[in-house]
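1. give me coordinates for this.
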Amino acid sequence: MLIGTKDLALYGLLAAGLSTGPAVQASAPTQPNLTPQACEALVAKALTGARILAVEPVAAGAFKVARAPSGSPLAQRMSSLPSFCRVQVLATPTPDSRIGVEVWLPLQSWNGRLLGTGNGGGAGTIAYEMGMIEGLNRGFAVANTDMGTAPDINLTIDHPERWTDFGYRATHEMTRIAKSLVTSFYNEHSFRAYFEGCSTGGQQALSNAQRYPDDYDGILAGDPGNNRTHVASYFLWNYAALNASPEAKLSPGQWSTVSRAVIASCAGKDGGAPGDQFLTDPRQCHFDPAKLPTCDAGSATDQCLTSKQIDTVRRLYAGPVNPRTGERIYAGLAVGSEDQPLGPAAQGDPAAWPKEQFYLFNWILGTGFEPLRFGFDRDLDRLDAQLSSTLNANAADLSTFARGGGKLLMYTGLADPAVPFAEVVHYYDRVVASTGKAKGEVEGEGEEDFARLFLVPGMGHCVGGPGVTDIGQPFSSAVPPTVRNDALMTLVAWTEGGKAPSVLIARQPAEDGSPVKERPVCAYPALPEFRGGDPAKSDSFVCTDHPPGVDQVPASRYLN
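-> Numbers count the residues shown, from 1 in each chain. Alright, predicted model coming up:
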């Protein structure tokens with residue numbers, strides 16, 4: 001589900017010109033440097049329910065993998081790595097489980113912490129580029145898992161134990177194994193553990209907080225697909241609408257026309273700066289598709305839409321509902337996200353989208369499943385009955401995690417077409433409500449003050465987009481220069497005794513001689529509002545409270 005390794009090519013963020021920058025450190029015990037021989041000795045370590053496949057000391061800048069050809073962005077990112085001990089593990093918590101785990105242990109300058117990292121899409125491979133590289137550059141010991149779906153999640157039909165591995169068990173196994181290796185390698189029994197992930201990794205993050213609250217001290221969760229059976233239903237709803245007939249589908253150019261019309265109608269009226277090509281608060285944009293430029297059937301161009309195409313736009317904005325009861329299943333497409341990567345142009349692609357996103361339906365309904373004949377009542381009930389308890393991470397009571405001192409920092413893109421921000425805001429509102437605090441109340445010193453949500457204007461799914469969106473999140477190819485630019489290290493500082501964060505400073509790297517742009521990203525319910533001056537400077541904006549909440553709230557039966 002959601003963004004996978006190959007989807008990163010959709011984003012310009014991995015361009016060769018971006019460097020990792022200096023590592024950002026928070027205080028931690030100084031650790032001794034270790035030798036390659038100490039690394040090689042780990043091959044003899046016994047692991048419960050798992051076995052070590054290979055141990056390899058890697059010299060600085062020498063790490064290479066087969067899917068990172070010379071000159072590629074991934075190869076260039078890997079060339080920045082310091083020396084480390086690479087450990088490959090196979091975990092088998094059940095006879096049918098085959099969970100790949102990889103752990104990297106710095107040979108020098110370990111910062112005294114473990115960082116678990118998330119995967120993307122249906123997983124199936126170790127996701128080096130989704131946090132491991134930049135985590136190691138920050139000084140963490142880092143870990144990742146293929147989530148037990150190698151080589152292809154579509155091949156796991158009739159393997160329910162592997163569905164469970166994918167749903168939550170693989171992440172916990174990765175964490176358990178990584179902690180054991182860190183303890184052995186550094187002879188350190190007391191260290192902090194953090195997790196960061198976005199998309200599928202965001203689901204892993206929230207699932208771990210709910211199911212294994214003692215695994216991590218701090219969790220960074222972005223654009224999470226935690227309501228998985230229903231985000232899959234959202235994808236299917238959009239796919240069906242886009243393929244209802246040849247006349248119903250829009251071209252990528254037409255989706256750009258829709259997005260431009262939205263921006264022209266609403267940008268600058270929600271607190272953003274003059275000239276913004278994105279929305280600061282899409283909830284204030286009540287765009288009417290009837291205002292789109294129209295053309296006659298059979299004569300559509302990229303600059304206009306037919307009436308059937310306008311009906312498709314309305315259907316995607318409306319989002320999936322139960323056709324019998326009218327109950328909302330999931331939020332609809334966010335206005336302002338129409339032309340972003342993983343948006344409708346991708347979601348309507350019959351050549352790629354079903355294979356990438358419909359594996360859940362194949363598991364339960366069989367390989368003969370026909371997307372356009374899916375019943376969003378009885379068929380969805382059948383899917384939920386068999387998978388929701390395994391795949392969904394919707395529980396909002398995180399009191400056990402909070403009582404243990406855990407901190408949760410969430411973020412989401414306001415121009416994300418894959419996980420509409422309304423879904424993330426609603427989950428966070430439920431977390432806040434479970435603490436007994438008023439919605440949107442973020443100040444306080446009690447146990448309940450353990451979670452923050454940051455809404456990122458103009459960010460697509462996890463990274464990129466037309467806004468100023470780099471906060472050092474997973475999928476980003478740069479380590480930010482200071483803690484205030486770095487969501488992960490902000491989380492570390494908060495967890496280890498700092499004040500709860502109220503603002504992050506997002507960056508947009510310099511391009512073609514232009515200066516670096518900065519803009520605040522504010523703790524919900526605040527959003528950055530322009531107050532005059534240079535819109536490329538963060539001090540031209542003030543975090544200002546906006547009304548909390550969202551309109552498109554799923555029915556309780558779809559929060560199972």
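2. how about stretch 400-411 as CSV, C-alpha atoms only?
-> Provided in CSV are the C-alpha atoms of stretch 400-411 (Å, rounded to 0.1, in the frame of the first residue of the first chain):
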residue,chain,number,x,y,z
THR,A,400,0.2,2.6,27.9
PHE,A,401,2.7,4.1,25.5
ALA,A,402,2.3,7.5,27.1
ARG,A,403,2.6,6.2,30.7
GLY,A,404,6.0,4.7,29.7
GLY,A,405,7.2,8.1,28.7
GLY,A,406,6.7,7.5,25.0
LYS,A,407,6.4,10.5,22.6
LEU,A,408,4.5,10.5,19.3
LEU,A,409,5.2,13.1,16.6
MET,A,410,2.9,12.8,13.6
TYR,A,411,3.0,14.8,10.4
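3. residues contacting it, please?
-> With contact meaning CB atoms under 8 Å, 6 or more residues apart in numbering, stretch 400-411 is reached by 202, 209-210, 213-214, 216-224, 398, 424, 428, 431, 435, 447-448, 450-456, 471, 473, 487, 490-491, 494-495, 501, 521. For glycine as for every other residue, the C-beta is placed from the backbone atoms N, C-alpha and C.
4. what is the rounded mean pLDDT of that stretch?
-> For stretch 400-411, the mean pLDDT works out to 97.
5. and it, what's buried?
-> Residues 401, 402, 406, 407, 408, 409, 410, 411 are the ones in stretch 400-411 that count as buried (16 or more other CB atoms under 10 Å).
6. pull up the pairing partners for the helix or strand that contains the fifth one, direction included.
-> Take DSSP states H and E as the rule and residue 408 turns out to sit in strand 407-413. Strands adjacent to strand 407-413 in the sheet, as given by DSSP bridges, are strand 218-222 (parallel), strand 451-456 (parallel).
7. find the nearest non-adjacent residue to the residue nearest to the spatial centre of the chain, please.
-> In the chain, the C-alpha nearest the mean C-alpha coordinate belongs to residue 198, at 1.8 Å (CA atoms, centre = their mean). Spatial nearest neighbour of residue 198, chain neighbours left out: residue 222 (3.4 Å); criterion: CB to CB, 6 or more residues apart in numbering.
8. with residue 146 instead?
-> Residue 146 sits nearest to residue 100 (CB to CB, 6+ apart), 4.0 Å away.
9. what distance separates the helix or strand harbouring that neighbour from the centre of its chain?
-> Secondary-structure assignment from DSSP H and E places residue 100 in strand 99-106. Taking the mean of its C-alpha atoms, strand 99-106 sits 20 Å from the chain's own mean (CA atoms, centre = their mean, to the nearest Å).
10. can you name every helix or strand that it contacts?
-> With contacts taken as 3 or more CB pairs under 8 Å, 6 or more residues apart in numbering; DSSP states H and E, strand 99-106 sits against strand 84-91, strand 141-145, helix 170-186.
11. mind listing the strands the shortest one pairs with, and their directions?
-> Paired with strand 141-145 in the same sheet, following DSSP bridges, are strand 99-106 (antiparallel), strand 113-117 (parallel).
12. mind putting those strands into TSV with distance to residue 366 and mean neighbour count?
-> Below are the strands paired with strand 141-145 laid out as TSV (distance: least, CB to CB, whole Å; neighbours: other CB atoms under 10 Å):
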stretch	distance to residue 366	mean neighbour count
strand 99-106	26	26
strand 113-117	34	28
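13. can you redo the ones you listed as JSON lines with mean pLDDT?
-> What follows is the strands paired with strand 141-145, written out as JSON lines (pLDDT from 0 to 100):
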{"stretch": "strand 99-106", "mean pLDDT": "98"}
{"stretch": "strand 113-117", "mean pLDDT": "98"}
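14. would you map the strands across the stretch 451-560 of the chain?
-> Remark: strands assigned in the stretch 451-560 of the chain by DSSP state E, counting those that start in this stretch are 451-456, 503-508, 517-522, 526-530, 541-545.
15. could you identify which of the ones you listed is most buried?
-> Of those, the one with the most neighbours on average (mean count of other CB atoms under 10 Å) is strand 451-456, at a mean of 26.
16. contacting residues around that strand?
-> Applying CB under 8 Å, 6+ apart, the contact partners of strand 451-456 are 398, 402, 407-414, 421, 424-425, 428, 431-432, 442, 467, 469, 471, 487, 500-501, 504, 506, 521-524, 527.
17. against residue 138, how distant is residue 106?
-> Taking CB to CB, to the nearest Å as the measure, residue 106 falls 10 Å from residue 138.
18. that's all I had, so thanks and see you.
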